[in-house]
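**Student:** pasted the sequence and its predicted model underneath.
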Amino acid sequence: MKKSVRILLVDDEVPIQKAVVPLLESRSYHVDVAGTGAAALRLVVENTPDLIVLDLGLPDIDGFTVLERVREWSDVPIIILSVRSREAEKVRALELGADDYVTKPFGMAEFLARIRAALRRHQPATAPPGTFTVDEFAFDPVTRKVLIRGAEVRLSPKQYRLLQILVQHAGKVVTHQQLLSEIWGPAHGGDVQYLRVFVRNLRQKIESDPARPHYLLTELGVGYRMRAAD
């Protein structure tokens, strides 16, 4: 039997929910509904939708933030459905990884056509990765938490991003230039000494003995490596 396409509608407006859900279900789509950004992120993990329809004006987490979070580990098609019509906001959404942008109010036939087009352009959504663990270190990409012996470690956004890159390539060397370009931009590709200081400060937070690191390992003259998972 052919698997039903699963769509996640993220919108806190009840009239939109009442209009869109029956429309999609009448086309044999399975629809989940989230009224907040936090609920949306949870349902993305639990249900692995084939497509997301995302409003930007959510009551808790801004829709742009939800878009960024999902794009960290999934290429699921995302269609923005928003009352915001300024070009700058459309451009921002598309640059963050949205596949399409539909402005409210919208025509139902066009909306369905855009959904079909987005589904055709994509393979099935990538399942989110699980928590990465090595001994007493844990990195959860969904909750964005880093734990040492079960206690959360407070990191700056750039410290989190560096760990994220190293975890994604765990067991492999990531060069100085790669890390600098990914985190600070191509213009900083040669600031190796700055990166060394940054890594030293990060080790103070995650290593029992920063002078003899167990997790964030140095590859002399090349870059850094996250110890592979157990």
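**Tutor:** Now that the structure is in, tell me what you want to look at.
**Student:** now for the helix or strand of the chain with the lowest mean pLDDT, which elements pack on it?
**Tutor:** In the chain, no helix or strand scores lower on mean pLDDT, DSSP states H and E than helix 176-184, which sits at a mean of 84. Applying 3 or more CB pairs under 8 Å, 6 or more residues apart in numbering; DSSP states H and E, one finds that helix 176-184 contacts helix 157-168, helix 192-206, strand 223-226. Placement of C-beta: from N, CA and C, glycine included.
**Student:** tabulate those (CSV), appending distance to residue 36, mean neighbour count and mean pLDDT.
**Tutor:** Listed next are these as CSV, based on distance: least, CB to CB, whole Å; neighbours: other CB atoms under 10 Å; pLDDT from 0 to 100:
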stretch, distance to residue 36, mean neighbour count, mean pLDDT
helix 157-168, 22, 18, 91
helix 192-206, 30, 16, 93
strand 223-226, 33, 22, 93
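**Student:** next one: the nearest residue to residue 178 once chain neighbours are set aside from residue 53, what distance?
**Tutor:** With CB to CB, 6 or more residues apart in numbering as the criterion, residue 178 has its nearest non-adjacent residue at 6.9 Å, and that residue is residue 223. Separation of residue 223 from residue 53 (CB to CB, to the nearest Å): 40 Å.
**Student:** same question, residue 82
**Tutor:** 10 Å.
**Student:** the two: who's more crowded?
**Tutor:** A side-by-side neighbour count of residue 82 and residue 53, using other CB atoms under 10 Å, places residue 53 first with 26 against 19.
**Student:** who are the packing partners of the helix or strand containing the more buried one?
**Tutor:** Taking DSSP states H and E as the criterion, residue 53 maps to strand 51-54. Here strand 51-54 is seen to pack against strand 6-10, helix 37-47, helix 63-71, strand 78-82, helix 108-121 when contacts are counted using 3+ CB pairs under 8 Å, 6+ apart.
**Student:** residue 131 is nearest to which of these?
**Tutor:** With CB to CB as the criterion, residue 131 lies closest to helix 37-47 of the helices and strands packed on strand 51-54, at 11.4 Å.
**Student:** buried residues, the closest one. List them.
**Tutor:** Within helix 37-47, the residues that count as buried by 16 or more other CB atoms under 10 Å are 37, 39, 40, 41, 43, 44, 45.
**Student:** check which helices and strands that helix is in contact with.
**Tutor:** In terms of contacts (3+ CB pairs under 8 Å, 6+ apart), helix 37-47 is packed against strand 6-10, strand 30-34, strand 51-54, helix 63-71.
**Student:** recalculate using a threshold of 6 Å.
**Tutor:** When contacts are defined as 3 or more CB pairs under 6 Å, 6 or more residues apart in numbering; DSSP states H and E, helix 37-47 sits against strand 30-34, helix 63-71.
**Student:** before I go, just wanted to say thanks for your time.
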